[in-house]
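Asks: sequence plus predicted model, see below.
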Amino acid sequence: MSTPEVVLEFRNVNTHYGPVHVLKDVNISIGAGQMVCLLGGNASGKTTTLKTILGMVVPTTGEVVLDGQVISGLPTAEIVGRGISMVPENRRLFKRMTVRENLEIGAYLRPDANLEADYEHIFSMFPRVKERLNQKAGTLSGGEQQMVAVGRALMAHPKVLLMDEPSMGLAPLLVAQNFEIIRQINEAGTTVFVVEQNANMALSIADHGYVLQTGQIVLSDTADALLANPQMREAYLGEVGGP
Ligand SMILES: Nc1ncnc2c1ncn2[C@@H]1O[C@H](COP(=O)(O)OP(=O)(O)O)[C@@H](O)[C@H]1O
Ligand SMILES: [Mg+2]
């Protein structure tokens, strides 16, 4: 198999919140069309990594590179306009707005206004979203909100889709359905970078995985190798005998 062209890269990225050093010399490389996951426990720096891609956190040193161009330091809207969308932690829908309005917002940076084909595409993935179109987003179940959040992100026609803990707060059956959709989105050509605490689920669909521990990448390997790695199995894959 040939190595895909690198689409998104972290080069020795360090970030701070005031005096607190969070990401420490982080290097990540994501190939075009790949599904890459970033695993790590609570407070390890996963959300910070995604915020750094979107320009919501600016590296103190190092660079984030998209298609060979440095994007760190650019405004978030500019970065989104270059083809990066995020499904944030806890979905973050506009709860008092309808499902349709939430989807429209996802397309706000697109020059063309023909959204009907996009809606149809989203309804084909999530028939439930169509049923709920005129309902206030806040009235939906967690699983339905996740569908709308994914739909909203796809409305921007992203080249790279970022997902922050898509399994959080969802029942196991919904988690599995959710990951199946993520897999389909990736298979249709979108590069996906997914952050998760649910290592088993993420590695079961990813090509490559990174493990973050207190802001440092401590492991980086193919998903298959990580699933078989004894260190991984003890620390992250919930094996008996692990912490
Ligand atoms: N806005 C912020 N200001 C100060 N510290 C923060 C802020 N956001 C996150 N942190 C701290 O940075 C560390 C990493 O947080 P985060 O990236 O949210 O981790 P994760 O997503 O892996 O749970 C944590 O110790 C957290 O408390
Ligand atoms: Mg987080």
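Replies: In hand now; what should we look at? Ligands and ions are numbered 1, 2, ... in the order given.
Asks: gap between the residue nearest to the spatial centre of the chain and Thr3?
Replies: The centroid of the chain falls nearest to Met163 when counting by C-alpha atoms, centre = their mean (1.8 Å). Distance, Met163 to Thr3, by C-beta to C-beta, to the nearest Å: 23 Å. C-beta coordinates here come from the backbone N, C-alpha and C atoms, glycine included.
Asks: what residues does this structure put near ligand 2?
Replies: Lys46, Thr47 (C-beta under 5 Å from the ion).
Asks: okay, now the domains of the chain?
Replies: The chain is divided into the following domains under automatic domain parsing: 1-83+159-173+188-243, 94-157.
Asks: helices of the chain, residue ranges please.
Replies: For the chain, the helices defined by DSSP state H cover 46-53, 76-81, 99-106, 116-125, 127-131, 142-154, 172-187, 199-205, 223-228, 230-235.
Asks: run through who's touching the third one.
Replies: Applying C-beta atoms under 8 Å, 6 or more residues apart in numbering, the external contacts of helix 99-106 come out as 85, 93-94, 97, 115, 118-119, 122, 129, 132-135, 137, 140, 148, 151-156.
Asks: can you rerun that using 6 Å?
Replies: Contacting residues not belonging to helix 99-106 are listed as Leu93, Phe94, Arg132, Leu133, Gln135, Ala137, Val148, Gly151, Arg152, Met155, Ala156 [C-beta atoms under 6 Å, 6 or more residues apart in numbering].
Asks: and the fourth one, how many neighbours?
Replies: In other words, Leu133. Look at Leu133: counted by other C-beta atoms under 10 Å, it has 15 neighbours.
Asks: again, but for the fifth one
Replies: In terms of burial, Gln135 registers 14 neighbours under the definition other C-beta under 10 Å.
Asks: quick one, what contacts it?
Replies: Counted by C-beta under 6 Å, 6+ apart, Gln135 has contacts Val99.
Asks: angles on the backbone of it, please.
Replies: When read as degrees, to the nearest 10, the backbone of Gln135 gives phi -90, psi 150.
Asks: related to what we said a few turns ago, dig out what the residue nearest to the centre of the chain forms beta bridges with.
Replies: Applying DSSP bridges to Met163 gives these bridge partners: Val87, Val194.
Asks: test my guess that it contacts Glu89.
Replies: No. Met163 lies out of contact with Glu89 (C-beta atoms under 6 Å); the separation is 9.4 Å.
Asks: ok, and for the lengthiest strand in the chain, which residues are buried?
Replies: Longest strand of the chain, by residue count under DSSP state E: strand 6-14. Residues of strand 6-14 classed as buried by neighbour count (16 or more other C-beta atoms under 10 Å): Val7, Leu8, Glu9, Phe10, Arg11, Val13, Asn14.
Asks: where's the residue lying closest to the fourth one once chain neighbours are set aside relative to Glu63, distance?
Replies: Spatially, and ignoring its direct neighbours in sequence, Phe10 is nearest to Ile28 (4.1 Å; C-beta to C-beta, 6 or more residues apart in numbering). As for Ile28, its distance to Glu63 is 12 Å (criterion: C-beta to C-beta).
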